[in-house]
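Chemist: Next input, structure requested:
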Amino acid sequence: MKRCPILLCWLLLVVLSTGPLPRGNSGVARAQQVSVQTPTFGISIDADGVLSTRTFADPTGKLRAQRLAEARRGQPAEVGRWSELRKISLVQLERALARELSSGRQPDDVMMHLAGLQRAKYVFLYPEEQDIVIAGPAEGWVDDLSGRSLGLTTGRPVLLLADLAVALRAFPPEQRGPVYLGCSIDPRPEGLKRLAQFQKTIPREIADDQRGAVALQIAEGMRESLGLSQVRVFGVSDKTHLAQVLIEADYRMKLIGIGVEAPPVKMVTFIAALDSPRAATLQRWWFTPHYDCVKVTSDRLAMELLGEGVQLLDEDMLLGPDGRLTASGKTLNKASQKFTTSFTREYAGIAARVPVFAQLRNMIDLVVIAAFLREQNAYDQAGWRPGVFADEKRWPVETLPTPKYVPCAVTAFWKDNRLLVPAGGVGIRPSLALEASRRQTDRDGKLGGRREQNVRRADPTSWWWD
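Modeler: Here you go, the predicted model:
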């Protein structure tokens, strides 16, 4: 009976808090409407803090059609229409929020969804008017089956007031020094130690007719050895929507990389690229901001984010017999490099089809904008200090269940005579996106001109306008 050697490749997504950093966002072209036949994906967190992915089916599109009709009827026409550049005054927005809370009311849907803003692409400072304005494309929105709010025609997620508040709280005007924020999904040391021990029990050869059964046994053994990975959030509260977007995007990226979830666009996955696995090698992948540049006017009163905003990076790790992970110090795994490069290159297309990756980009935008405001002393220029935006007691945003663990995703398959068994962060340092080497001056004056055009509004107390 023919026997095949087993060469195992372990892939474990280890995202550490020392991961990388920011870069940018591009202009927004309108996307095609999302097909109602496409399943909706999301996450849930149980009472023990264990995160799991969820799929919501709407095969006929009837539920989505109903929600679209209700959204169009329920939203003011001026909010629902498409706008290439909707402006939002942070100063007037907070005053409006404070009035609602003081009257014993909660903010309405328009305020909670920032009037349908889909990207925060610009920041305009107006010292004379004592105002700070963010701007970008916008339209009406509808909640999908997972509760994600998406544009009526583009299918792009809209920004949320709570996420804006979380980003601003991470960079209070009186604080100085670098801020690191993001998430990591780390295997627990005891799980890695069990994995190293389990590795020793795998036979060197198996019979050809046992390949399928052995693959399943080894995958299950790895899954049981690793158990639950620990979720860690830093820089912001883990009970916020912003934090949970980071975690979901991180986890879903890993599922795509190891072949558990189908890639949404034509791209190179780690599994597809893997041809010469190394035993006991683990990969560390993490998201960082990736702006082409940040355009700033000479007077520092206007800023524009350019580029897609998100990059995926990797690093080789070694698993020791004691369950500890260390950097290998070797050349990066070629399959891993191909995957991270492809994910970065195709990010715009991926984000157009998987909303959580568009949300991740939006979160990075907000964080970089918050860092810019602090760096430019925008609060002093506007004569304004965040009140309810910064006060968790007056307006709580830390209201979601705390994600503590996620199951380790494992898959197994044969490639030639090799059995491959892979198992499946976000790190943001906004200061890097704003450093001098990433800045572009407004040589043609277009950014400054846009700032001058957009200060005008019919009602100076309104918090949004087109």
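
Chemist: that's a strand at residue 68, yeah?
Modeler: No: in this structure, residue 68 is helix, not part of a strand, as judged by DSSP: H, G, I helix; E, B strand; the rest coil.

Chemist: right, and it touches residue 152 too?
Modeler: Yes: here residue 68 lies in contact with residue 152, judged by C-beta atoms under 8 Å, at a distance of 6.6 Å. Backbone N, C-alpha and C define where each C-beta goes, glycine included.

Chemist: list residues touching both of the two?
Modeler: Residues touching both residue 68 and residue 152 by C-beta atoms under 8 Å, 6 or more residues apart in numbering: residue 142.

Chemist: the strands in the stretch 51-200 of the chain, which residues?
Modeler: Using DSSP state E, counting those that start in this stretch, the strands found in the stretch 51-200 of the chain span residues 51-56, 83-89, 122-126, 131-138, 141-143, 149-151, 181-187.

Chemist: Check which residues of the fifth one are buried.
Modeler: Of the residues in strand 141-143, those buried by neighbour count under the rule 16 or more other C-beta atoms under 10 Å are 141-142.

Chemist: May I ask which helix or strand encompasses residue 461?
Modeler: Mapping residue 461 onto the secondary structure by DSSP states H and E places it in no helix or strand at all.

Chemist: I'd say it and residue 91 touch.
Modeler: No: taking C-beta under 8 Å as the definition, residue 461 is not a contact partner of residue 91, at 10.0 Å.

Chemist: sorry, back to before: I'd like the strands of the stretch 51-200 of the chain as a markdown table, with distance to residue 164 and mean pLDDT appended.
Modeler: Formatted as a markdown table, these follow (distance: least, C-beta to C-beta, whole Å; pLDDT from 0 to 100):
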| stretch | distance to residue 164 | mean pLDDT |
| --- | --- | --- |
| strand 51-56 | 24 | 68 |
| strand 83-89 | 9 | 96 |
| strand 122-126 | 12 | 95 |
| strand 131-138 | 8 | 96 |
| strand 141-143 | 15 | 92 |
| strand 149-151 | 14 | 93 |
| strand 181-187 | 15 | 85 |
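
Chemist: which stretch among those comes nearest residue 171?
Modeler: If you check each of the strands of the stretch 51-200 of the chain against residue 171 by C-beta to C-beta, strand 181-187 wins as the nearest, at 9.6 Å.

Chemist: elements contacting the closest one?
Modeler: For strand 181-187, the elements it packs on are strand 228-234, helix 241-257, strand 281-290, strand 426-428, judged by 3 or more C-beta pairs under 8 Å, 6 or more residues apart in numbering; DSSP states H and E.

Chemist: right, so the ones you listed: which one is the most enclosed?
Modeler: Of all the helices and strands packed on strand 181-187, strand 426-428 has the most neighbours on average by mean count of other C-beta atoms under 10 Å, namely a mean of 28.

Chemist: quick one on the thing from earlier: comparing residue 461 and residue 91, which shows the higher neighbour count?
Modeler: When neighbours are counted by other C-beta atoms under 10 Å, residue 461 and residue 91 differ, and residue 91 comes out ahead with 19 against 9.

Chemist: Could you check how many residues crowd around the closest residue to residue 140 other than its chain neighbours?
Modeler: In this structure, residue 140 finds its nearest non-sequential neighbour in residue 80, 3.2 Å apart by C-beta to C-beta, 6 or more residues apart in numbering. Around residue 80 sit 19 other residues, with neighbours defined as other C-beta under 10 Å.

Chemist: tell me the contacts of residue 80?
Modeler: The neighbours of residue 80, taking C-beta under 8 Å, 6+ apart as the test, are 71-72, 116, 139-140, 152.

Chemist: Now tabulate the strands of the stretch 51-200 of the chain in a markdown table and tack on distance to residue 396.
Modeler: Compiled in a markdown table, the strands of the stretch 51-200 of the chain are given as follows (distance: least, C-beta to C-beta, whole Å):
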| stretch | distance to residue 396 |
| --- | --- |
| strand 51-56 | 22 |
| strand 83-89 | 22 |
| strand 122-126 | 26 |
| strand 131-138 | 23 |
| strand 141-143 | 21 |
| strand 149-151 | 19 |
| strand 181-187 | 19 |
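
Chemist: Relative to residue 358, tell me which of those wins on proximity.
Modeler: Proximity to residue 358, assessed across the strands of the stretch 51-200 of the chain by C-beta to C-beta, is greatest for strand 149-151 (9.0 Å).

Chemist: Mind listing what's buried along the closest one?
Modeler: Along strand 149-151, the positions that meet the burial threshold by neighbour count (16+ other C-beta under 10 Å) are 149-151.

Chemist: For that strand, name the packing helices and strands.
Modeler: strand 141-143.

Chemist: can you pull the contacts of residue 373?
Modeler: 123, 132, 168, 171, 173, 379.

Chemist: now, the most widely separated pair of these?
Modeler: Greatest spacing in those, by C-beta to C-beta: 123 and 173 (14.8 Å).

Chemist: neighbour-wise, which of those two wins?
Modeler: Summary of the neighbour comparison: residue 123 and residue 173, criterion other C-beta under 10 Å, with residue 123 having more neighbours (25 against 16).

Chemist: which one is the more buried one nearest to, not counting chain neighbours?
Modeler: Here the residue nearest residue 123, using C-beta to C-beta, 6+ apart, is residue 303, at 4.5 Å.

Chemist: give me the number of residues near that neighbour?
Modeler: The burial metric for residue 303, expressed as a neighbour count using other C-beta under 10 Å, is 27.

Chemist: Check which helix or strand it maps to.
Modeler: Take DSSP H and E as the rule and residue 303 turns out to sit in strand 302-306.

Chemist: Would you tell me which helix is longest in this structure?
Modeler: With DSSP state H setting the assignment, residue counts place helix 355-375 as the longest helix in the chain.

Chemist: can you give me the angle that helix makes with strand 281-290?
Modeler: Using axes from the mean of the first three to the mean of the last three C-alpha atoms, to 10 degrees, the inter-axis angle of helix 355-375 relative to strand 281-290 is 60 degrees.

Chemist: Just list the residues touching residue 465, thanks.
Modeler: 86-87, 457-459.

Chemist: Relative to residue 245, how far out is residue 395?
Modeler: In this view, residue 395 and residue 245 are 20 Å apart by C-beta to C-beta, to the nearest Å.
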